[in-house]
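Chemist: Sequence and computational prediction follow.
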Amino acid sequence: MELSQLYNSSGSEERKINNCPPMQPWLTFTPPPQLTNVLHPPLDPWLTSTPPPQLTNVLHPPLDPWLTSTPPPQLTNVLHPPLDPWLTSTPPPQLTNVLHPPLDPWLTSTPPPQLTNVLHPPLDPWLTSTPPPQLTNVLHPPLDPWLTSTPPPQLTDALHPPFAGAISIRSYRQSLTRSVQQDVLFSVDISCLGIPTIQWTFMSGMVSRDISSWQPGGLTNISEEYTDRVHTYSNGSMGLSDLRVQDAGFYVIRVSELSGSSRDAGFVLTVEEILYEDLQYLSVFTLVLAFLAGFLMLSMWLMDNAYRRLKAWNGRRQMPVNGETELQAL
């Protein structure tokens, strides 16, 4: 049974091989001589031949004999001077101790036993031994439990009151300059542990008045003088609109907490008068004068035209009707 299977399998393989198409004849035969040089052109003889002797030195010039030859003896010491004999020779015995003095024997030798305790005294046994139990609490008393235990919540603020460093005020520009009728923003960024109370105060010379005070998320108290001119922000910043010359001065922000800690920061505001207000009045006055001058010139031109027409009309009335002219006797 196995032989029949092998025979059938070999017969199927032969049938598969016989069914393969033959190779192309152009791929398997040798080309004729007339096509050999076309398919495989010979190499250039200049690349494969040896150059003639007259071109050898041109293509491959010889090296400089000074680079390849050994210099003569009289130039050897000039090109390669010998080293100093003091650097390469061994010093004589009488100079050995001078150049390399021996070390002090006290530094290299071991001290005798009678000097060991003097040079290296032993440590005090009280420092290296463990004290007896009855002296342990005397030498190392235990810590006070009040110092190591956590205080109850009602005593936390009493023992560890908050400090002013917990409040921080970051201001970006502390000197501001604006013109009249402009707006200004006192930009700050406050941070604290609790709920802060923010208060802005204006000071100029002997004058000091409160501007506004508020808590983030609460109501804002603004004085009557700054009503509709003050704008407050949750980070502590304050804006002031429609500036006047009287608004120039110092502006102080105070941030305080319920614990009593507080921190201040100040700003300097300079308000400059607008110079173009005078120019505006002057320009308006100039425009009015120009309008009046133009009106007067127009009126004079109209009156002049009316006068000329009236004069011409009177002249035509005084002329004779029949157009005859009277000759006077000479």
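Modeler: In hand now; what should we look at? Here the structure is a predicted model, which is why all the values come from computation and not from measurement.
Chemist: Could you check which helix or strand contains Asn57?
Modeler: helix 53-59 (DSSP states H and E).
Chemist: again but with Trp301, I slipped
Modeler: Going by DSSP H and E, Trp301 is part of helix 276-318.
Chemist: Could you check the helix or strand harbouring Asn37 and say which residues are buried?
Modeler: Element membership of Asn37, judged by DSSP H and E, is helix 33-39. Buried positions in helix 33-39, judged by neighbour count with 16 or more other Cβ atoms under 10 Å: none. C-beta: built from backbone N, CA, C; applies to glycine.
Chemist: next one: the helix or strand just after that helix to chain centre, how far?
Modeler: Toward the C-terminal end, the helix or strand that comes next after helix 33-39 (DSSP H and E) is helix 45-48. Here helix 45-48 is found 66 Å from its chain centre; the criterion is Cα atoms, centre = their mean, to the nearest Å.
Chemist: Could I have the CA atoms of helix 45-48 written out in CSV?
Modeler: The C-alpha coordinates for helix 45-48 follow below in CSV (Å, rounded to 0.1, in the frame of the first residue of the first chain):
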residue,chain,number,x,y,z
PRO,A,45,43.4,50.0,-22.0
TRP,A,46,44.6,53.1,-20.1
LEU,A,47,42.9,51.7,-17.0
THR,A,48,44.4,48.2,-17.3
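Chemist: for the helix holding Trp301, what is the average pLDDT?
Modeler: Mean pLDDT, computed over helix 276-318, is 89.
Chemist: hey, where'd the helices end up in the stretch 101-250 of the chain?
Modeler: For the stretch 101-250 of the chain, the helices defined by DSSP state H, counting those that start in this stretch occupy 105-108, 113-119, 125-128, 133-139, 145-148, 153-159.
Chemist: And the contacts of the biggest strand by length in the chain?
Modeler: When the chain is parsed with DSSP state E, its longest strand is strand 262-272. By Cβ atoms under 8 Å, 6 or more residues apart in numbering, the residues outside strand 262-272 that reach it are 164, 167-169, 171, 174-180, 184, 186, 188, 243-245, 247-256.
Chemist: centre of the chain versus that strand, how much separation?
Modeler: Counting by Cα atoms, centre = their mean, strand 262-272 comes out at 29 Å from the chain centroid.
Chemist: What strands flank it, and is each parallel or antiparallel?
Modeler: Applying DSSP bridges to the sheet, strand 262-272 is found paired with strand 175-179 (parallel), strand 249-256 (antiparallel).
Chemist: Report the buried residues of the last one.
Modeler: What it means is strand 249-256. Gly249, Tyr251, Ile253, Arg254, Val255, Ser256.
Chemist: Please produce a markdown table containing the strands paired with strand 262-272, extended by mean pLDDT.
Modeler: Formatted as a markdown table, those follow (pLDDT from 0 to 100):
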| stretch | mean pLDDT |
| --- | --- |
| strand 175-179 | 93 |
| strand 249-256 | 94 |
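Chemist: Same list (those strands) but as a markdown table, adding distance to Thr68.
Modeler: As requested, the strands paired with strand 262-272 are exported to a markdown table (distance: least, Cβ to Cβ, whole Å):
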| stretch | distance to Thr68 |
| --- | --- |
| strand 175-179 | 82 |
| strand 249-256 | 90 |
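Chemist: Select, out of those, the one closest to Ala293.
Modeler: strand 175-179 (33.6 Å; Cβ to Cβ).
Chemist: For that closest one, which outside residues touch it?
Modeler: Applying Cβ under 8 Å, 6+ apart, the set of residues contacting strand 175-179 is Val184, Phe186, Leu243, Phe267, Val268, Leu269, Thr270, Val271, Glu272, Glu273, Ile274.
Chemist: does the second one have beta-bridge partners, and which?
Modeler: Each beta-bridge partner of Phe186 is listed here: Met238, as defined by DSSP bridges.
Chemist: 261 is where my numbering starts, stick with that
Modeler: Right, with 261 as the first residue, what we last looked at is Phe446.
Chemist: Run through the residues that contact it.
Modeler: With Cβ under 8 Å, 6+ apart, Phe446 has these contacts: Ser431, Leu436, Trp460, Ser497, Met498, Gly499, Leu500, Tyr511, Ile513, Phe527.
Chemist: what's the answer for the last one, then?
Modeler: For Ile534, the contact set (Cβ under 8 Å, 6+ apart) comprises Ser439, Val440, Gln441.
Chemist: Identify the residue spatially nearest to Ile482, adjacent ones excluded.
Modeler: Ser472 (4.6 Å; Cβ to Cβ, 6 or more residues apart in numbering).
Chemist: show me what contacts the closest residue to Tyr493 other than its chain neighbours?
Modeler: Counting by Cβ to Cβ, 6+ apart, Tyr493 lies nearest to Gly499, which is 7.6 Å off, once chain neighbours are set aside. Going by Cβ under 8 Å, 6+ apart, Gly499 touches Asp443, Val444, Leu445, Phe446, Val490, His491, Thr492, Tyr493.
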